[in-house]
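J.: Provided below are the primary sequence and the corresponding predicted coordinates.
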Amino acid sequence: MKPRWYEDFFWWKIGSLTHDPPYKAWIITDKIRWFDGLSTIGVKATRSRKLRGHEAAVFAICATIFGEEVADLFFKEPWKDIIKKSDILASSFDRWQISEIYELWQKLKVPHPPFDVKEVYLFNALSGELIRPEIVRTSLIEFEEDLHSIWRKISKLDLSLRYHVFYSLYEPLFYDKCLNISGPADTRTPSHSLFDHLYACATIINWLCLDAIAKREKLSLKGLLVRIDLAGVQDFISASRKLRDVWFSSWLASVLVFKTVEELVKQLGPDILIRPTARHNPFYYNFLLRWLEEAKADEEVQKKLKEIGEKYACLKDWPQHAVIPATIDLLLPPCEVLSRLLGREIRNEDELVQYLHERYVNCWKNLVSRSLKEGIKRLRLKEELKGKLEDAARKSRDYGIENIPPLIMRIVMLSIPEDLSPEEREREQWYYDYAFRRLSERFKSIKPLKIHPACLTNLTKVTEDMWRDKNRYRICTVCGKFPSVLDMPHREDEYSEVVPSDLQVYFDLGEHLCSYCFIKRLATHPAIFSSIAKELIGYPASPLGFPSTSSIATYPLMKGLVEAQDDEDVKKIVNEIIKQLEGLRIPSITYWNALRELRNKAKDEVKKFLRYDAELTLLPEEREVQGRAEKLRKAVKESVQDILDPIFTRINTYYAIVRADGDYIGCLLSGHLNQETIGTNYIDLLASSIESIPDEEAKKFARLIRESANNNIRVVKRMLHSELGQKMEGTLEKEIERTAGRLCELFSEVLKEGRIPVTPAYHATLSRALMITALKDIKTVQEEAKGIIVYAGGDDFLAFVPTVFALDLVFKSRRHYSIGDLEHRGFHRMGNGLFMSLGKASRSYSITFGHFKYPMSQLLRLSHEFLKLAKKTRVIHGAFERTKDMLLLAYCPRGGGVKAESALPLSIEEPIKLLISLVSSIENNLLSHSVIYDLIREIKKYGKEIKRSESFSIIENMLRYLLTKNLVVKKKAEHAARLFASELKKLAGYTIFDSEGNEETLLYYIALALWATMATLRGREL
Ligand SMILES: [Zn+2]
């Protein structure tokens, strides 16, 4: 039974979510009147109440959407007080003292409000880049009426579900119907949008609700902060033989995490999610859609939600990509409230941990039983294989793996106020900051403790029994860790006897699979996957199409082929190749995004050709077939060499694994905004941004921040006096003095510590920026780099792309990460909205060029290692020094090993841009490829010497000579050689220190990267 305060709980959240109109800034600054553009119903209702300004607008909007009665409740005690309190406690630290100054002003009755900034700007909190949202005098009527009609259509549903719907539509509908960006939460420190503030307020209700439920006069913060983390995800992902397994491993980790907290989200509201946010989150939108379906909600509402999910969360049918990171943070009400809402007794923190574990293990258990019990039946196999699989299933159960998920879940939590010291308890606005800091510390202390799931299974006992009974077992050939439960025949004839051709992609010749790897493999079979997906995400999806790595490697020629498809020679050879294959019963390959695009453009025989595995058509083992593939390549080249780059006329055997990982993400989340993390101190960033608003009041306010940060209490006091009136007596004078003191204390500490106090509003801003970045990364990988995305968690991603697009992917995604879209620097566009990018925060990358025959799991592990090395690499140029923000590019030739490792700093765009144009010049025959060796040799010989003596013009002359010598068409390209030489000269002063402290010039690394890239593009070392 639901508690009697159940509905109030959700109304408080709705009330805090709507307590400011999204365009408040323009009302406050008198750009528009409160009733402008609003529906007459609400305006009329408001007239009879004594409300003014933005509060009148709030009342009118709420009256239109929810009705007058509800609007009245929002403005009366006790709701009013709860909502007000959430406003204060969620707001960002830079607003803490503003309200104090403002309250003083109200007491003093001075005509002119203090620091009355009239210009409406918003800036990127991590870069300071300003954007000026334009209020278009558009009507809000449609926005209000849409929400009203949706609210009415779901009036029969449970209020918790209605709250979910409102939460997920409120902000996007504003972008669709009114403006592409909301105003700032405050015009004086426009460091975050009003929506970020509102959604943060809904979150903090969870900590206010206990006192509110108990109807206590004074509301104080009580609740929990929880971090859930799955350990060992990278190892789990790397234990994969095929791309499909890699994708499934990451997807599964995302799903398991989300599923663990799903019930909490459902019963308490999406606002409990701090990171990742539910906003723009495709897993959340999918969850809500399924719930609406189940509740038989109005179809138009479902349609609307689906449309918004597609537009703002990139949800296509079902959440296909792992966007939920393995570490998530939740803000929860105290156990008493949790117990009542979940309908299950949770008396203390231990019981909450137990509850989360249960959810997690159950979810895994269901997956295991769907794969092992029903799954094997679904495959409709012949006796022998069926017997083998059933035997493997039985052995897996003996190990007890259904109770031990492959990733260990770690949980840390903190109880407010119990876990705060007596002094800390004095400062309520800091609770969230203290709690978050302590949570991170606790997490850090348990993080190094690594338990392998195997330790928890019956592994030891079972293997001991096997030894005693003289049963031998093999080690899994995929993860190399556990004993295998499924052994595939080693002899080809026996193998093809046992494994039907349509299952050969799931079980390789001579393969040994352990329980975990076996389940992973089974789970990706369409028949089994759809049943798992139904269980986990409520939607019977088919797994995505995944290419083999050879398909990614050969994508360029496939593209060339489609361009050349009308050529008679090409057609003829394509037909010859198909003919050879048609007789054999070969299953069609699965198409992936980029190849599907090609297929849609392809006609007749070329379309047929594309359905065969590249290893049969372009990369066969047999000599004769190889000859035909070569003939085809030549014909394609003949036909399209004038319109396409040469790479599209080559049969490429390499592909690229691109990994990215945000630098200092933990620090950013903990509020460390300083030289190290964002290349500047936050006070400077804040004050300079405010200063650049063309408004005298803003400049004054920026000065107040600077003086406070410098602890100039006398000046700060004088400034406050000049704003609030010179003559003051007694208590008021004391209050001014106290405010000045607090301003100085707050800002000087931020300056000194290089850290801001974190708040729900700050996390709402950052968390959303991460989610938007994830969605954008997915798009860039798929659409621009023609690749496969494995996961994208906002700060990080993992992708497989054709080699030719790898450098460009790094360049573009790194740029998006910081800058967003070039048209409005500092912000991304998604749907109709504009959202903050990660500004001056940086990100490191690794590119691993690998041969398609090289074991993929090994390359995956290497690429992970390279990324770690990138983060330990340093660049120095004069006084400039930066660690991280680096690309490590490595080349792993077919024969094994790592042939070249180059490091390029990404803190400046020039090196990678230059590398891209050098590659293109060689590819397009502007420069001869011997330039690479010349560069490497000369730079190796003179680079360091020149750098030491700083005689950079010598290097320019030398490079110009060397480049000119290598020009293919001399006259035409001398200009280009000059340009390259001068670009290279600009970088001659940079030095790179690798993870072990070895010193090398940047120029040398550029030359080395050029060599590695060309080797992979040409498929051979030049
Ligand atoms: Zn294994």
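T.: Nice, I can see it.
J.: ok, then the element right after the one helix or strand in the chain whose mean pLDDT sits lowest?
T.: Lowest on mean pLDDT, DSSP states H and E among the helices and strands of the chain sits helix 459-468, with a mean of 70. Next helix or strand after helix 459-468 toward the C-terminus (DSSP states H and E): strand 484-487.
J.: mind listing what that next one pairs with, with the direction of each?
T.: When pairs are called by DSSP bridges, strand 484-487 turns out to pair with strand 512-514 (antiparallel).
J.: contacts for the partner strand?
T.: Strand 512-514 has contacts (CB atoms under 8 Å, 6 or more residues apart in numbering) with 392, 474-479, 481-488, 507, 521. Using the backbone N, CA and C atoms, a C-beta is placed for each residue, glycine as well.
J.: so the closest residue to the ion within the stretch 601-750 of the chain, which of the three states?
T.: The ion sits closest to I657 of the stretch 601-750 of the chain, with a gap of 20.5 Å, by CB to the ion. Three-state call for I657 (DSSP: H, G, I helix; E, B strand; the rest coil): strand.
J.: and for L331?
T.: L331 is classified as strand under three-state DSSP.
J.: what's the distance between it and L338?
T.: Using CB to CB, to the nearest Å, L331 is found at 12 Å from L338.
J.: got the contact list for the residue nearest the centre of the chain?
T.: By CA atoms, centre = their mean, the chain has its centre lying nearest to G794, at 1.5 Å. Shown in contact with G794 (CB under 8 Å, 6+ apart): P276, V323, P325, G662, A769, L770, M771, I772, T773, A774.
J.: list the contacts for the second one?
T.: Pointing back at V323 there. Shown in contact with V323 (CB under 8 Å, 6+ apart): 254, 276, 281-283, 771, 774-775, 778, 791-794.
J.: now do 10 Å
T.: 250-251, 254, 258, 276, 280-283, 313-314, 770-771, 774-775, 777-778, 789, 791-794, 797 (CB atoms under 10 Å, 6 or more residues apart in numbering).
J.: and if you look at the last one?
T.: Contacts for A774 (CB under 10 Å, 6+ apart) come out as 276, 280-282, 314, 321-325, 789, 791-797.
J.: helix, strand, or coil at A903?
T.: strand.
J.: now do the shared contacts for L331 and L338.
T.: Joint contacts of L331 and L338 (CB under 10 Å, 6+ apart) are N206, G223, L224, L268.
J.: check K118 and give its pLDDT.
T.: Confidence at K118, expressed as pLDDT, is 92.
J.: up against the ion, what does the chain have?
T.: By the rule CB under 5 Å from the ion, the part of the chain lying against the ion is C476, V478, C479, C514, C517.
J.: ok, the third one touching I519?
T.: No - distance between C479 and I519: 11.9 Å, which falls outside the contact criterion (CB atoms under 10 Å).
J.: which residues do these two both contact?
T.: Any residue near both C479 and I519 by CB under 10 Å, 6+ apart counts here, and that gives P406, L513.
J.: between the two, which is the more surrounded one?
T.: Each of C479 and I519 has its neighbours counted (other CB atoms under 10 Å); I519 has more, 27 against 21.
J.: doesn't the more buried one lie inside a helix?
T.: Yes - counting by three-state DSSP, one finds I519 located in a helix.
J.: quick check: it vs S39, distance?
T.: Look at I519 and S39: by CB to CB, they are 55 Å apart.
J.: where along the stretch 701-850 of the chain do the helices fall?
T.: With DSSP state H, counting those that start in this stretch as the criterion, the stretch 701-850 of the chain has helices at 713-724, 730-753, 760-779, 803-819.
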